[in-house]
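Enquirer: The following block contains a protein sequence and its predicted model.
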Amino acid sequence: MLHYFAEILPSLLSGAWMTIRIFLWTLIISIPLGVVVSLGLLSKFSPLRWILKFYVWLMRGTPLLLQLIFVFYGLPIIGVIFQRYDAAIFAFALNYTAYFAEIFRGGFQAIPNGQFESARVLRLTRWQTLRKIVIPQVVKIVVPSIGNEVVNLVKDSSLVYVIGLGDLLRAGNIASARDVTLLPLVAVGIIYLILTGICTYLLRRVEQRLSKWE
Amino acid sequence: MLELKDITKRFDNRTILNKMSFQVPDGEILAIVGPSGAGKTTLLRCITGLETVDGGDFILDGEKFNPAANRDNDKVIGVVFQDFQLFPNLTVMDNVTLAPELALKMNKADATKRAQDLIDQLSLSGKEQLYPFQLSGGQKQRVAIVRALAMNPKILCYDEPTSALDPDLRQTVEQIILNLKSEKMTQIVVTHDMQFAKNIADQILRVEPIDA
Ligand SMILES: Nc1ncnc2c1ncn2[C@@H]1O[C@H](COP(=O)(O)OP(=O)(O)OP(=O)(O)O)[C@@H](O)[C@H]1O
Ligand SMILES: [Mg+2]
């Protein structure tokens, strides 16, 4: 049995690498974009606010799977053609930005106005206030919710099977169908557990670092 | 000396302050008293530039100035908020040195030395590396005072400095305010505690609600 695992491992690992790439790119794009969109959601300019609210509503109100299908099979109808991999990252980034934006919006709103006023009478500029006072507090507030989404993302990434990308789950499926055994899927489950375990561990470390103040 | 001339403030056409005029000579303490909703906090917020006024002039040392737009580092007006508003993510020391370093462009060593002097003066020695959540209410208030003083303000303002504290800490606050007076700090104190006002003030200003 060990021999069998050793045999399928390379294909599972190359699938896992695809999963990890989608995961990392989605985070790298959606976290900063989520901050920007959250600021837009809080902006005083109402047309911008409404457009972004609509976007968030759409992304959170429909399944990610459906969005993925639309990006890959639907957009070409209006002439926007993505490679599979790009389509996956585009759809995931679009979806996760909306979730992150909502989380960051909540974080920014949780900062009492008195903190801004106190910074203002101390003559700090708007940017200094954000950097030294507001953002550290927002980060502390949002880390647990962001962490949930990050772990979800590891698992959600398996949805890319629908557009035929060779990720971890697909690699397991192929081996399972070929060899008529569920063992590859057990291995897939273990690899997912390792990936989410690493994320959980890193997030806990970040939370610990932030717990020295309240 | 700070002088207010005909200061008027409205919120949505409701007049809160109507042509308010008074003077605070250097080194003196003005107490602002009056019933709830009279506009005491609003007046203080106008003086500290957190609200813009709808009429009238502020004159500081003979020169007109606009607190809401004032960026002159020689004309800082310090504020101790009712709920202190310390920065929870910074230690006591960093709370105090942040603005002198960023806004007054002091170097870290000078800012830290000045902060340490003030921290010692207000009996906060040993608390430098604590975070605000580790302090008592009275200690938080003293940090807020130190933080404001570190900016070398011309005037120091307090909103209800006794309201968030245990009654037996009232004397301590009185003592701090009077000690600062002996160092020639000009101070404006909003309070609804008449006895407290009488104990500290050179001048008491009564603010009354304006009937609509
Ligand atoms: N941002 C605002 N917008 C509209 N009205 C306001 C605003 N701030 C204060 N007011 C109104 O102005 C009036 C004066 O309020 P203010 O807070 O100055 O009273 P106060 O004298 O400090 O009262 P207290 O003793 O309860 O603190 C109140 O009627 C209040 O409702
Ligand atoms: Mg008040």
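Expert: Received it, and whenever you're ready, just let me know what you need. Ligands and ions are numbered 1, 2, ... in the order given.
Enquirer: what kind of secondary structure is the spatially most central residue of chain B in?
Expert: Nearest to the mean C-alpha position of chain B, by C-alpha atoms, centre = their mean, lies B:Cys157 at 2.0 Å. Here B:Cys157 is recorded as strand under DSSP: H, G, I helix; E, B strand; the rest coil.
Enquirer: If you count contacts, what does the worst-scoring helix or strand of chain B on mean pLDDT end up packed against?
Expert: None of the helices or strands of chain B scores lower by mean pLDDT, DSSP states H and E than strand B:63-65, at a mean of 91. Contact partners of strand B:63-65 among helices and strands, from 3 or more C-beta pairs under 8 Å, 6 or more residues apart in numbering or on different chains; DSSP states H and E: strand B:55-60. Glycine gets a C-beta too; all of them are placed from N, C-alpha and C.
Enquirer: buried ones in the strand it packs on?
Expert: B:Gly56, B:Phe58, B:Leu60 (16 or more other C-beta atoms under 10 Å in any protein chain shown).
Enquirer: and the closest residue to B:Ala69 other than its chain neighbours, what does it touch?
Expert: Of all residues not flanking B:Ala69 in the chain, B:Gly49 sits nearest, at 7.5 Å (C-beta to C-beta, 6 or more residues apart in numbering or on different chains). Counting by C-beta atoms under 8 Å, 6 or more residues apart in numbering or on different chains, B:Gly49 makes contact with A:Arg120, A:Val121, B:Asn66, B:Pro67, B:Ala68, B:Ala69, B:Asn70, B:Ile77.
Enquirer: Would you reformat the residues you listed as a markdown table and include pLDDT and distance to ligand 1?
Expert: What follows is those, written out as a markdown table (pLDDT from 0 to 100; distance: C-beta to the nearest ligand atom, whole Å):
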| residue | pLDDT | distance to ligand 1 |
| --- | --- | --- |
| A:Arg120 | 95 | 15 |
| A:Val121 | 96 | 17 |
| B:Asn66 | 92 | 19 |
| B:Pro67 | 92 | 16 |
| B:Ala68 | 90 | 14 |
| B:Ala69 | 89 | 19 |
| B:Asn70 | 80 | 21 |
| B:Ile77 | 95 | 17 |
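Enquirer: Buried ones only from those residues, please, as a PyMOL command.
Expert: Command for PyMOL, covering only those of the contacts of B:Gly49 found buried under the criterion 16+ other C-beta under 10 Å:
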select buried, (chain A and resi 120+121) or (chain B and resi 67+70+77)
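Enquirer: Just the closest of the contacts of B:Gly49 to A:Ser11, please.
Expert: Using C-beta to C-beta, the shortest approach to A:Ser11 within the contacts of B:Gly49 belongs to A:Arg120, at 58.8 Å.
Enquirer: Touching, that closest one and B:Leu50? I think so.
Expert: Yes: contact status for A:Arg120 versus B:Leu50: in contact at 7.1 Å, counting by C-beta atoms under 8 Å.
Enquirer: Given the least confident helix or strand of chain B, what are its sheet partners and their directions?
Expert: strand B:55-60 (antiparallel) (DSSP bridges).
Enquirer: Give me the contacts around stretch A:45-60.
Expert: A:37, A:40-43, A:67, A:94-95, A:97-99, A:101-102.
Enquirer: buried residues in it?
Expert: For stretch A:45-60, using 16+ other C-beta under 10 Å, the buried residues are A:Leu52, A:Tyr55, A:Val56, A:Met59.
Enquirer: Widest-spaced pair of the residues you listed?
Expert: So, the buried residues of stretch A:45-60 by C-beta to C-beta: farthest apart are A:Leu52 and A:Met59, at 10.6 Å.
Enquirer: rewinding a little: now the buried members of the contacts of stretch A:45-60.
Expert: Buried among these by 16+ other C-beta under 10 Å: A:Val37, A:Gly40, A:Leu41, A:Gln67, A:Leu94, A:Asn95, A:Thr97, A:Ala98, A:Tyr99, A:Ala101, A:Glu102.
Enquirer: which ones are touching the residue lying farthest from the centre of chain A?
Expert: Distance from the C-alpha centroid of chain A, by C-alpha atoms, centre = their mean, peaks at A:Val121 (37.8 Å). When contacts are counted by C-beta under 8 Å, 6+ apart, A:Val121 touches B:Thr48, B:Gly49, B:Leu50, B:Ile77, B:Gly78, B:Val79, B:Ala148.
Enquirer: how about a markdown table for those, with distance to B:Glu3 and secondary structure added?
Expert: What follows is these, written out as a markdown table (distance: C-beta to C-beta, whole Å; DSSP: H, G, I helix; E, B strand; the rest coil):
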| residue | distance to B:Glu3 | secondary structure |
| --- | --- | --- |
| B:Thr48 | 16 | coil |
| B:Gly49 | 16 | coil |
| B:Leu50 | 20 | coil |
| B:Ile77 | 14 | strand |
| B:Gly78 | 18 | strand |
| B:Val79 | 19 | strand |
| B:Ala148 | 22 | helix |
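Enquirer: Quick one, which of the residues you listed are buried?
Expert: When the contacts of A:Val121 are checked for burial by 16+ other C-beta under 10 Å, the buried set is B:Thr48, B:Gly49, B:Leu50, B:Ile77, B:Gly78, B:Val79, B:Ala148.
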